[in-house]
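Student: I would like to see how this sequence folds:
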Amino acid sequence: MADVMLRCSRSRSRPLLHIMQAWNIVAPHFVEVACHKDRHVSKKAIASIHDVLTELLTDKSELHHFNFNESLFKPFESLLRLELCDEDVQDQVVTSICEIVEESYTNIKSGWRPLFGTLRAVRVHRQKFENMDDTGYGDSSERTEHPTAPVFDVFEAFLNTENVAVFSNAAIDCILCLLKFVKGPVEPDTNCAYSVGTTLQAVDLCLPALDYLHRCHKILSSIYNMPTSPSFRGSQSIKMSTKGLSPPSESPIQELGSSETFVVLDSKIVYSPEEMELLKPVCIEDIDDESGIIRVWFLLLEGLTGSVTTCPRHYQPQTLELLFEVLRSVNQTPGPQFAVYSISHLLLPMLQSWVRRGRQSPSFWDTSIANFKHACGLTTDLIVDLISYFVKNNSCLDGVYLMIKQLVDLLVECIGQTTEAVSRLGCSCIRHMLLSAGPILTHEMWTFACKGMQQAVETSLHSLKRLMACFHPGSDDFMGDVGQVKVAARRDIKPMDYFRLQHLAQQVFLLECQRSPNFDVNEESSRSFIFILYPPEVDTTMKLDLIHTRVHYRNIVLGLLAHQLLIQTLGTILLYGAQSQTENEVQAIAKGSMSSTLSLHDSVNGSSNVSTGESSLPGLLPYLSPKNLALLLECFVDSYQTACEFNIRPGMKFLLQKVAKLDVAVNMYYQACMSFTFYSHTLLELCHHAKKDNLNVELVKGIVNKLSHRSKPDLPLYGDEDVVPSSDAADNQPDDVKDTILK
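Tutor: Coordinates of the predicted model:
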C-alpha cells in the first residue's frame, strides 16, 4: 500500500485530486498500523508516512487558498493527540517531522497547523535526578540533550518564513505549542509553588520557547504596521476576557461584615456615581480589528501570564521579564489602550490569584516570595510609566482609572496578608506609586489613590479593631466586656519566626525608650496565639471548634506594622521638604525618598497645575485638591482615634502584654503621636503658605468663633479632654472658609 501511494505521488501526470482522494483513504490505515504492538510494523508505518510526505512536498507546490498539505500532516497529529502510540513511536514521529522541515520547509504552507498540533501533543517524560542542585540540574555528567530539543529547528524555520500569509495561517498553533513548552510537564502542587523535582527536560525547553515567543511578538508588531494586515486563521475563536479583578470576597474589609462576625464594622470607602462612571473598562470593539491580530496578541499575553505560575521555578524571572517587555512594547504597537486592557484583564488578575493562593496556604510564600516581589515591582513601574504616557499625551483615559483602582485594591490585599514580606511589599508599592506618579496624577486619579490609601489604613487596623470591639473603654477585665475573649496557644511556629514576631511586637506596642534589645527565645516558649471571640449571646462553655470568630495575634502585629509604614508614607507625601520638622518627623520621613521624582515641585508635566502661591508647599501638597487632601487627613484621624481608644482599655492592654511577654504595659503612644503630629503640621503648613488676601485677621477670627460655638459631640472624640477637628469640620464650613483651610 505504501509503494502504490508512492508511485501515485511520483506520477507527474496524475491530477492532484486523485492523490488527495487516495491519501484520505490510506492515511487512517497508516495511523492504525503505527499503533501496532510489533515495533517493526509500527516503524514501517511511520517511515511510509514520512516518504509520502517528503515526495509530495518536494515535487508538488501547494497553490494559494489550497489546504491539501494540512491533511498530509494529520496522521502525525492524530497519533500523538489521541495518545495511540508509545514513547518510541513518538520519538520517531518527532524525528520525521524535523527531517521533513529541514528538507522542504518552504513548501509546507498549510501543513504548519497540524505540524504544531503534533508537537503540542508531544508528551515530555519526567526524569528525576538524585543529585539535584539549586539550578534544577543534576550532576554535569548526567546532563544530556533532550531528545525533543531538535523540535526548535521547526520553530526556527517557521519564524524565518517571509510569507506573511503562511505565518498568519498557523500563528495561533505556533504560539500555543510554544506556551506548552514554557509551562513544562509538571503541574504545580497545591501546597507548594513548584515541584522540587523540576525535570531536566522542562528546563531545557523553557528558555528557547520564551525566545521564540518574543520573536512571535516582534513579527506581530511588524505585520500590524503593514498597510494591509492578513487575516489570522482561528482568531475569532479566541475569547478576549471581559473580567478584571475578582470581588474581594476574601479581603479583610469584606470579612468585617460577614455573618460570622458579631460586631459589624462596615467599610467607609464609598464611590460616587460620577466616580463609578470613570471606572468603565476599555471597550473591546475599540481595540479589535477584522484581521484578528489583536486577539492573537492577547492569546500570547494570556499564555505568558498563565505560564508565570506554572513554568519551572528557576525560570520564572525570565518569564516575567519577557511578559513585561511585551507589555511595555505593546504600548507603542498596537497602542496604549491595548496595554491598559491587558494589564487590567490579565496581569493584575494573575497577581491577585497569586496573593489568594498564598492566603490559603502560607507555606506557599516560602518558595515564591522572591518572584512575587519581582512581579509586583515590575507591575507598579509599568503602571506608573503608562500613567505618565497618558497624561503627557493628553490621551483618552478610558480604562486608566480602573487600572489604578485595581492596582491599589491588589496592594491592599497584599497588606492584609499574614506574611510580613508580602505585607511590607504592599506598603512599598503603594509608596512608590504615589511618590513617583504623584506630580502627574489628575484630580480624579488622586481621588482613587487617596480612597485606596484609606482602605489600606482601614485594612491594617482591621484585626486590632475586631479585638477592641470586645472591650469597653476603661475596662480592667482582660477577658472582655462584650462577649468573652479566650486565648489559644499553638506549637506551630518556628523559633526564628517567633523571635521576629516578638521583635515586631516591641516596635508597634512600645516607645523606643521602652524596648529591650535583648530577649531570650527558646523552642519551648515558641507559640502562636489566637484570640477566640465569643459572641455575647453564646455560652462560654461552648466548644472552641464551634466558635468561628477568631483574631490571630500575628495578624494584629503585622497589621500595625503595615499601619506604621502607611503613616510614614502619608507623612512623606504631605511634608517632605518642609523647612521645620520635629525629630520624630525627620526619622519617619526618609531622606531622599522623593529626590528622584520631585525637585522643589518641578513636576513631570512642568508644574502647570500648581499655582504660584502653592509653589513652596512641602511634599505633594501642591498637587492635592482640598477634597483629596481631606481624604488623606482622615487617615491620620482614624489612626489617632484608634490609638487613643486602644490606650484607654487597660484590660486589653494587659492581655496583649501577657501574650507578647513584655515587661511593660503595651501602648500605642508612638502611633498617636505621629498621626497627630503629621495632621497638625500639615494644617500649619497650609496656613503658613496661604495667600494673605485669602487669610486675614477677620477671617481667622470668624473661623475660631465658628469652631468655638460647635457642640463637642459633633467633633471626633480622641480622649477625655483633647478634641482635634477633622476634615469633616472643614466640609461643613462655608465655601470661603473651607477653601482657606484646605486649599
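Student: so what pLDDT did the closest residue in space to Asp289 that isn't next to it in sequence get?
Tutor: Among residues not flanking Asp289 along the chain, Ser229 sits closest, at 7.4 Å (Cβ to Cβ, 6 or more residues apart in numbering). Quick note: C-beta positions are derived from backbone N, CA and C, even for glycine. We have a pLDDT of 86 for Ser229.
Student: What separation is there between Ser229 and Leu464?
Tutor: 57 Å (Cβ to Cβ, to the nearest Å).
Student: I'd like to know how many residues surround Leu6.
Tutor: The number of residues packed around Leu6, counting by other Cβ atoms under 10 Å, is 16.
Student: so is it in a helix, a strand, or just coil?
Tutor: helix (DSSP: H, G, I helix; E, B strand; the rest coil).
Student: I figured it hits Leu53, correct?
Tutor: No. Using Cβ atoms under 8 Å, Leu6 makes no contact with Leu53, being 10.8 Å away.
Student: circling back: quick check on Ser229 and Leu464: which one has the bigger neighbour count.
Tutor: Leu464 (24 against 17).
Student: list the contacts for that one?
Tutor: 556, 559-560, 642, 646 (Cβ atoms under 8 Å, 6 or more residues apart in numbering).
Student: Quick check, pLDDT for it.
Tutor: Note on Leu464: pLDDT of 95.
Student: After the helix or strand hosting it, which helix or strand is next?
Tutor: For Leu464, the host element (DSSP states H and E) is helix 462-468. Next along the chain after helix 462-468, taking DSSP H and E as the criterion, comes strand 484-490.
Student: same for that next one, what does it pack against?
Tutor: Where contact means 3 or more Cβ pairs under 8 Å, 6 or more residues apart in numbering; DSSP states H and E, strand 484-490 is packed against strand 528-534, helix 650-660.
Student: how about TSV for those, with distance to Thr310, mean pLDDT and mean neighbour count added?
Tutor: TSV is the format used below for the helices and strands packed on strand 484-490 (distance: least, Cβ to Cβ, whole Å; pLDDT from 0 to 100; neighbours: other Cβ atoms under 10 Å):
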stretch	distance to Thr310	mean pLDDT	mean neighbour count
strand 528-534	32	89	20
helix 650-660	41	92	20
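Student: nearest to Ser61, of those?
Tutor: strand 528-534 (72.2 Å; Cβ to Cβ).
Student: Using CSV, write out the CA atom coordinates for that closest one.
Tutor: C-alpha atoms of strand 528-534 as CSV (Å, rounded to 0.1, in the frame of the first residue of the first chain):
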residue,chain,number,x,y,z
SER,A,528,1.5,31.2,68.1
PHE,A,529,-1.6,32.8,69.7
ILE,A,530,-5.2,33.1,68.6
PHE,A,531,-7.8,35.2,70.3
ILE,A,532,-11.2,33.4,70.2
LEU,A,533,-14.1,35.9,70.4
TYR,A,534,-17.3,34.6,71.9
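Student: tell me which element the residue lying closest to Thr682 once chain neighbours are set aside is part of?
Tutor: Nearest-residue entry for Thr682: Leu574, 4.8 Å, with adjacent residues in sequence omitted and distances by Cβ to Cβ, 6+ apart. Assigned by DSSP H and E, Leu574 belongs to helix 553-575.
Student: What residues sit buried inside that helix?
Tutor: 553-575 (16 or more other Cβ atoms under 10 Å).
Student: need the contact list for the residue nearest to Thr682.
Tutor: Leu574 touches 618-621, 632, 678, 682, 685, counting by Cβ under 8 Å, 6+ apart.
Student: picking that back up, what about the residue nearest to Asp289, distance to Thr161?
Tutor: Relative to Thr161, and taking Cβ to Cβ, Ser229 is found at 16 Å.
Student: just Phe76 next, same as before
Tutor: Distance from Phe76 to Thr161, by Cβ to Cβ: 20 Å.
Student: Would you tell me what helix or strand the residue of the chain most remote from its centre is located in?
Tutor: Farthest-out residue of the chain from its mean C-alpha position, per Cα atoms, centre = their mean: Ser13, at 62.2 Å. Following DSSP H and E, there is no helix or strand that holds Ser13.
Student: Check the gap between Val101 and Ser48 for me.
Tutor: In terms of Cβ to Cβ, Val101 sits 19 Å off from Ser48.
Student: List the residues that contact Ile294.
Tutor: With Cβ under 8 Å, 6+ apart, Ile294 has these contacts: 287-288, 334, 338.
Student: Strands - which of these land there?
Tutor: Among the contacts of Ile294, no residue falls in strands (DSSP state E).
Student: for the longest helix seen in the chain, packing partners?
Tutor: For the chain, the helix with the greatest residue count under DSSP state H is helix 365-392. Contact partners of helix 365-392 among helices and strands, from 3+ Cβ pairs under 8 Å, 6+ apart: helix 316-329, helix 336-342, helix 348-360, helix 400-415, helix 420-437.
Student: Turn these into JSON lines, including distance to Leu72 and mean neighbour count.
Tutor: Converted to JSON lines, the helices and strands packed on helix 365-392 look like this (distance: least, Cβ to Cβ, whole Å; neighbours: other Cβ atoms under 10 Å):
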{"stretch": "helix 316-329", "distance to Leu72": "34", "mean neighbour count": "19"}
{"stretch": "helix 336-342", "distance to Leu72": "37", "mean neighbour count": "24"}
{"stretch": "helix 348-360", "distance to Leu72": "39", "mean neighbour count": "19"}
{"stretch": "helix 400-415", "distance to Leu72": "47", "mean neighbour count": "25"}
{"stretch": "helix 420-437", "distance to Leu72": "53", "mean neighbour count": "21"}
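Student: so where's the stretch 501-650 of the chain uncertain?
Tutor: Residue ranges of the stretch 501-650 of the chain with pLDDT under 70: 519-524, 540, 544, 590-615.
Student: before we move on, the earlier item: adding distance to Ala121, write the helices and strands packed on helix 365-392 out as JSON lines.
Tutor: Shown next, in JSON lines, are these (distance: least, Cβ to Cβ, whole Å):
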{"stretch": "helix 316-329", "distance to Ala121": "23"}
{"stretch": "helix 336-342", "distance to Ala121": "28"}
{"stretch": "helix 348-360", "distance to Ala121": "26"}
{"stretch": "helix 400-415", "distance to Ala121": "36"}
{"stretch": "helix 420-437", "distance to Ala121": "38"}
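Student: Which one, of those helices, ends up nearest to Ser272?
Tutor: helix 400-415 (12.9 Å).
Student: Tell me the helices and strands packed up against the closest one.
Tutor: helix 348-360, helix 365-392, helix 420-437, helix 443-460.
Student: Report the distance from it to the chain centre.
Tutor: 9 Å (Cα atoms, centre = their mean, to the nearest Å).
Student: same question for that helix, mean pLDDT?
Tutor: 95.
Student: ditto for stretch 80-87
Tutor: 81.
Student: mind saving the C-alpha coords of it as CSV?
Tutor: The C-alpha coordinates for stretch 80-87 follow below in CSV (Å, rounded to 0.1, in the frame of the first residue of the first chain):
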residue,chain,number,x,y,z
LEU,A,80,0.1,11.9,19.3
ARG,A,81,-3.1,13.8,20.3
LEU,A,82,-5.1,10.7,20.7
GLU,A,83,-2.2,9.1,22.7
LEU,A,84,-2.3,6.0,20.4
CYS,A,85,1.4,5.3,20.4
ASP,A,86,4.2,4.7,22.9
GLU,A,87,7.3,6.7,23.6
